[in-house]
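**Student:** Just the structure for this:
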Amino acid sequence: MFRFTAKLFGATVLALGLVWFASPGDAVQTSGNSSSILWADTTYASDTVHINVDQETSEGDASNRDTRDNFLSDVKSLTQTAFNIRNQYMEDLDMDAIIKAGIRGMLSDLDRFSVLMEQQSYDALMESTHGKYEGLGLQIDSRDDYIRIISPIEGTPAYRKGLHAGDVIWEIDGKSTYKMSSSDAAKLMRGEAGTSINLAIKRQGIPDLLDFTVERAVIQLKSVNYYGVIPGTTIGYVRLSRFAEETSHELREAINDLNDQGITGLVFDLRSNGGGLLDQAKETGELFLKEGSEIVYTRGKYASSERHYKSEREPIFPPGKPLAVLVDEGTASASEIVAGAIQDWDRGLIIGATTYGKGLVQQIFPISADRTMALKLTTAKYYVPSGRCIQKPERQSKHPDDVALEDSTGEADSLNVADREVYYTNGGRVVYGGGGIVPDIMIDRETWKPIEINLERKSMFFDFAIKYIAQHPDVKPDLEITPEIVAEFRKFIKEKDFDYKSALQVALEDLQKTVTEQDKEAEFGGSIENMEKLVEQDKTKDFDQSLDYIKRAIKREVALAVAGEKGTYENVILPTDKTIRKAVEVLSSPQEYARMMHEGQQAKNEM
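**Tutor:** Here you go, the predicted structure:
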């Protein structure tokens with residue numbers, strides 16, 4: 001009884017503290033020292049957040065005294081209800097579960113990022129910060145009642161299997177993810193390296209669920225996956241996948257090395273970067289922006305919640321050198337802060353697709369004496385220097401009815417550019433509000449065809465590359481994929497009994513079902529048999545129409561196997577990725593780059 005009373009007392013103290021002492025500000029984690037950790041991250045498998053164990057004190061307001069008295073009365077009602085349930089209910093209850101359910105109930109009408117965080121989620125958060133864990137390598141978000149993949153981490157089992165941003169995890173080892181939290185999904189997917197798990201995936205444009213068997217591994221969480229000079233140019237390239245403790249250190253080393261190699265421009269790739277530590281986002285911005293430039297600010301319920309973060313050192317990649325930042329739908333939070341600051345200060349061009357739109361500040365309040373439970377509460381929003389809020393309204397609600405319908409890409413974005421509020425950069429260029437960062441140059445997202453999806457998920461490219469390398473031990477990562485190799489691959493997948501459902505086959509199966517239900521087999525039997533032959537011919541055409549993709553994928557797996565990620569970037573990604581190629585094209589033309597950087601000034605003058 002004493003234990004239960006202590007819990008209720010703690011909950012009451014928490015509630016009172018939120019009224020009298022809450023002043024949303026910097027997200028701070030206290031430990032044995034005075035250092036602080038601030039987070040700018042999407043709710044992924046690690047359930048990362050802004051951490052604040054301490055809270056600033058705000059002065060009381062006498063005008064709110066009646067409201068506080070009412071609140072105390074409400075808290076008393078809550079406490080009395082819990083006591084009555086504990087003492088008078090007809091059966092014994094798990095009061096730990098009851099208390100947690102009550103807390104979750106209080107949070108249910110708040111934004112989707114305000115949740116009860118238990119020990120495992122907190123441990124996973126720390127794990128992601130320090131750099132490794134055992135699992136699949138997925139960044140996930142609980143959205144529209146199911147678990148959605150925001151992005152696979154490069155070089156991990158999930159990435160190698162062909163899982164990608166936008167996929168919905170429908171089942172995990174046969175267990176539906178309906179109404180499942182991201183932390184519960186992460187718990188199911190994590191496990192001892194070497195063990196396997198089955199995921200049922202629903203992919204946009206594919207009617208049937210796709211089954212993926214993925215083997216867990218130790219996931220090393222690097223920040224800078226690759227950097228180097230793009231072949232045939234003097235333009236550098238840096239791929240940043242996350243914002244963790246060593247991010248700015250890794251980036252500084254990479255950019256200094258590229259500067260020593262005499263690069264004349266830089267492509268900074270933030271695609272599928274889900275965010276991380278806010279201080280690292282600030283330090284990343286400092287690498288490119290002039291000292292004193294604002295990078296981001298926060299604003300919440302109270303005036304004291306407004307915090308401004310400015311560059312405090314000179315950049316190592318100075319404004320005189322052209323810069324392109326690559327973004328996509330998986331670019332979130334801390335990545336959006338960096339991209340937005342660079343865009344608002346006219347420091348570089350943003351190229352790709354509109355970003356995710358996560359710009360909420362969360363703070364963590366411990367609510368149990370042993371720190372096994374904590375409240376993750378949204379206290380403010382992020383704004384980039386032009387005044388644009390990063391948060392997309394449809395990313396905020398917990399309720400499916402409040403979420404915007406998806407467009408044809410499978411990504412929710414309720415605003416067309418024409419409908420967005422107009423803002424201006426420091427130099428006068430037009431940029432757009434409404435959540436997320438809208439690129440200066442839009443690049444359509446690449447979509448996979450059914451044959452490509454199934455070749456990836458069934459590991460055909462990987463298996464063929466292993467076999468090919470075994471037969472050709474001297475193969476180089478720059479292997480040219482000749483017609484002979486393609487013919488060998490075609491024979492290989494035939495021997496493996498590779499099959500998949502084409503779009504025409506799915507339509508035919510629907511027709512067959514209707515014919516059977518209507519008892520029309522006699523009338524349509526011959527026609528359906530002829531259509532089945534057409535389906536096989538159609539699949540042959542599918543292979544030929546996907547030939548460019550197939551050749552790239554074979555080369556990718558060979559390069560990865562013989563030269564690692566470095567070989568993949570230098571021989572496949574950098575030469576063929578259309579967004580990188582567009583960035584190189586613009587950075588290689590001083591006139592075009594200058595034109596793009598000055599567009600919008602006339603629009604401002606005309607207002």
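**Student:** domain assignment for this protein?
**Tutor:** Following automatic domain parsing, one finds the domains of the chain at 132-220, 224-361+381-393+409-446, 450-579.
**Student:** Residue 562: what secondary structure?
**Tutor:** Residue 562 falls in the helix class when you classify it by DSSP: H, G, I helix; E, B strand; the rest coil.
**Student:** Now do the same contact list for it.
**Tutor:** 469, 475, 476, 477 (CB atoms under 8 Å, 6 or more residues apart in numbering). Where C-beta positions appear, they are placed from N, C-alpha and C, glycine not excepted.
**Student:** which one is residue 293 nearest to, not counting chain neighbours?
**Tutor:** residue 311 (4.7 Å; CB to CB, 6 or more residues apart in numbering).
**Student:** neighbours of the one you found, just the number please.
**Tutor:** 21 (other CB atoms under 10 Å).
**Student:** quick one, what contacts it?
**Tutor:** 282, 285, 286, 289, 290, 291, 292, 293, 294, 295.
**Student:** farthest pair in those?
**Tutor:** Farthest-apart pair in the contacts of residue 311 is 282 and 290; separation 14.2 Å (CB to CB).
**Student:** Which one's more surrounded, the two?
**Tutor:** residue 282 (23 against 14).
**Student:** what's the helix or strand for the more buried one?
**Tutor:** helix 278-286 (DSSP states H and E).
**Student:** doesn't residue 238 fall inside a strand?
**Tutor:** Yes. Assessed by three-state DSSP, residue 238 belongs to a strand.
**Student:** Look up how far residue 266 lies from it.
**Tutor:** Per CB to CB, to the nearest Å, residue 238 is found 7 Å from residue 266.
**Student:** From the neighbour counts alone, determine which of the two ranks first.
**Tutor:** residue 266 (26 against 22).
**Student:** how about that one, what does it touch?
**Tutor:** Residue 266 touches 235, 236, 237, 238, 255, 258, 317, 321, 322, 323, 324, 587, counting by CB under 8 Å, 6+ apart.
**Student:** Swap in 10 Å and give it another go.
**Tutor:** The contact partners of residue 266, taken as CB atoms under 10 Å, 6 or more residues apart in numbering, are 227, 230, 235-238, 254-255, 258-259, 287-288, 317, 321-325, 348, 583, 587.
**Student:** Reduced to three states, what does the closest residue to residue 213 other than its chain neighbours come out as?
**Tutor:** Excluding its sequence neighbours, the residue lying closest to residue 213 (CB to CB, 6+ apart) is residue 198, at 5.2 Å. Under three-state DSSP, residue 198 falls in the strand class.
**Student:** Residue 386 too?
**Tutor:** coil.
**Student:** backbone phi and psi for it, please?
**Tutor:** Dihedral pair for residue 386: phi -70, psi -10, per degrees, to the nearest 10.
**Student:** swap in residue 201?
**Tutor:** According to degrees, to the nearest 10, residue 201 has phi -110, psi 130.
**Student:** Spatially nearest residue to it, not counting backbone neighbours?
**Tutor:** Residue 201 sits nearest to residue 210 (CB to CB, 6+ apart), 4.4 Å away.
**Student:** tell me the contacts of the one you found?
**Tutor:** 162-163, 167, 170, 199-203, 450, 453-454, 456-458, 500.
**Student:** Out of the contacts of residue 562, who's the most crowded?
**Tutor:** That'd be residue 477 among the contacts of residue 562, by other CB under 10 Å, with 19 neighbours.
**Student:** my guess is that one meets residue 559, correct?
**Tutor:** Yes. Proximity of residue 477 to residue 559 meets the contact threshold set by CB atoms under 10 Å, at 3.9 Å.
**Student:** anything in contact with each of these two?
**Tutor:** Counting by CB under 10 Å, 6+ apart, the residues touching both residue 477 and residue 559 are 566, 567, 568, 570, 571, 572.
**Student:** Just the buried residues from the residues you listed, in PyMOL please.
**Tutor:** Command for PyMOL, covering only those of the shared contacts of residue 477 and residue 559 found buried under the criterion 16 or more other CB atoms under 10 Å:
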select buried, resi 567+568+570+571+572
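**Student:** mind putting the shared contacts of residue 477 and residue 559 in JSON lines, distance to residue 135, pLDDT and secondary structure included?
**Tutor:** Below are these laid out as JSON lines (distance: CB to CB, whole Å; pLDDT from 0 to 100; DSSP: H, G, I helix; E, B strand; the rest coil):
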{"residue": "566", "distance to residue 135": "24", "pLDDT": "89", "secondary structure": "helix"}
{"residue": "567", "distance to residue 135": "25", "pLDDT": "91", "secondary structure": "helix"}
{"residue": "568", "distance to residue 135": "22", "pLDDT": "92", "secondary structure": "helix"}
{"residue": "570", "distance to residue 135": "28", "pLDDT": "95", "secondary structure": "helix"}
{"residue": "571", "distance to residue 135": "29", "pLDDT": "95", "secondary structure": "helix"}
{"residue": "572", "distance to residue 135": "26", "pLDDT": "96", "secondary structure": "helix"}
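**Student:** Kind regards, and thank you for your time.
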